[in-house]
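Peer 1: Show me how the following folds:
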Amino acid sequence: MLEVKEVTTAYSGMEALHRVSVTIMGDEFVSIIGPNGAGKSTLLKTISGTAKCISGEIHFMETSITQMKAYRRTSLGIIHIPEGRRVFPSLTVTENLELGAYRSQARDSVAKNLEMVSRLFPVLKERRRQLAGTLSGGEQQMLAIGRGLMAMPRFLMLDEPSLGLSPLLADQIFDVIRGIREQLKCSILLVEQRAIEALELCDRACILESGRITMSGDRETLLENRMIQEAYLGGA
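Peer 2: Below you'll find the model as predicted:
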């Protein structure tokens with residue numbers, strides 16, 4: 001599905017990613033965990049095309065997208081839901097969702113996808129005529145995810161979906177991500193500070209530290225790893 005091979009990305013001459021390689025297969029769920037400033041968000045931006053790598057290759061569905069513009073990557077079904085929600089506050093919930101259906105493949109399925117988002121987020125259906133700027137933080141995060149789903153992703157990237165949310169709301173978001181995995185069967189790449197939840201959700205995970213992948217493995221292996229437990233799981 002997606003292969004990131006030996007990718008280096010830099011900002012103002014400072015490397016944020018150094019020769020990072022990650023492969024995600026079809027229908028696979030991979031989590032990226034690591035400390036703040038490790039380059040996790042930069043990895044997602046590099047894949048989506050909003051940050052440009054200075055070396056390495058990125059392939060999606062066996063096609064090189066390394067030099068492809070961000071909007072063209074989106075048209076292939078690579079959907080990036082960045083941190084910070086970024087809803088359109090002066091538009092209604094429904095208008096925000098409809099703006100997500102910009103891919104040509106999604107334009108003929110707006111009604112069906114609105115119903116799908118309503119099943120995942122019943123509160124958005126209740127608030128469909130409400131201005132997005134008046135929603136709570138948790139509801140805005142649900143709206144941001146729902147808008148991404150309206151594009152009918154083949155490869156979905158989620159950047160810190162629990163950021164700034166209470167533990168209860170964060171748990172609700174993680175439950176929804178489980179539902180997305182079950183219903184859509186798309187590949188998912190998750191960046192998340194809450195390491196326990198990120199590991200419990202995924203098939204495999206990678207540890208990103210100082211712009212480098214320092215460890216990777218399946219969920220069970222990493223959950224049982226003593227170093228990972230001490231560094232990220234509170235010594236669980």
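
Peer 1: Could I get the full set of strands for the chain?
Peer 2: Using DSSP state E, the strands of the chain run over 2-11, 14-24, 29-33, 53-60, 63-64, 78-81, 155-159, 187-191, 204-209, 212-218.

Peer 1: List of residues touching the longest helix seen in the chain?
Peer 2: Taking DSSP state H as the criterion, the chain has its longest helix at helix 167-184. Residues outside helix 167-184 that contact it (C-beta atoms under 8 Å, 6 or more residues apart in numbering): 29, 116, 120-121, 137-138, 141-142, 145, 149, 153, 156, 158, 161-162, 165, 186, 188, 190, 194, 197, 201. Every C-beta, even on glycine, is put in place using the N, C-alpha and C of the backbone.

Peer 1: Now restrict the residues you listed to buried residues only.
Peer 2: Listed as buried from the contacts of helix 167-184 are 29, 116, 120-121, 138, 141-142, 145, 149, 153, 156, 158, 161-162, 165, 186, 188, 190, 194, 197, 201; burial here means 16 or more other C-beta atoms under 10 Å.

Peer 1: Just the pLDDT for Gly234.
Peer 2: As predicted, Gly234 sits at a pLDDT of 74.

Peer 1: Extract the CA atoms of the worst-scoring helix or strand of the chain on mean pLDDT and return them as PDB.
Peer 2: Sorting the helices and strands of the chain by mean pLDDT, DSSP states H and E puts helix 104-107 at the bottom, at a mean of 86. Provided in PDB are the C-alpha atoms of helix 104-107 (Å, rounded to 0.1, in the frame of the first residue of the first chain):
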ATOM      1  CA  SER A 104     -14.100  12.900  -7.400                       C
ATOM      2  CA  GLN A 105     -14.700   9.400  -6.000                       C
ATOM      3  CA  ALA A 106     -16.600  10.900  -3.000                       C
ATOM      4  CA  ARG A 107     -18.800  13.500  -4.800                       C
END
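
Peer 1: Break the protein down into its domains, please.
Peer 2: As assigned by automatic domain parsing, the chain contains the domains 1-77+153-236, 84-152.

Peer 1: measure the shortest one end to end?
Peer 2: End-to-end distance for domain 84-152: 21 Å, by C-alpha to C-alpha, to the nearest Å.

Peer 1: so how far is that domain from its chain's centroid?
Peer 2: Put simply, domain 84-152 sits 16 Å off its chain's centre (C-alpha atoms, centre = their mean, to the nearest Å).

Peer 1: for the first one, same thing?
Peer 2: In terms of C-alpha atoms, centre = their mean, the gap separating the centre of domain 1-77+153-236 from the centre of its chain is 7 Å.

Peer 1: Kind regards, and thank you for your time.
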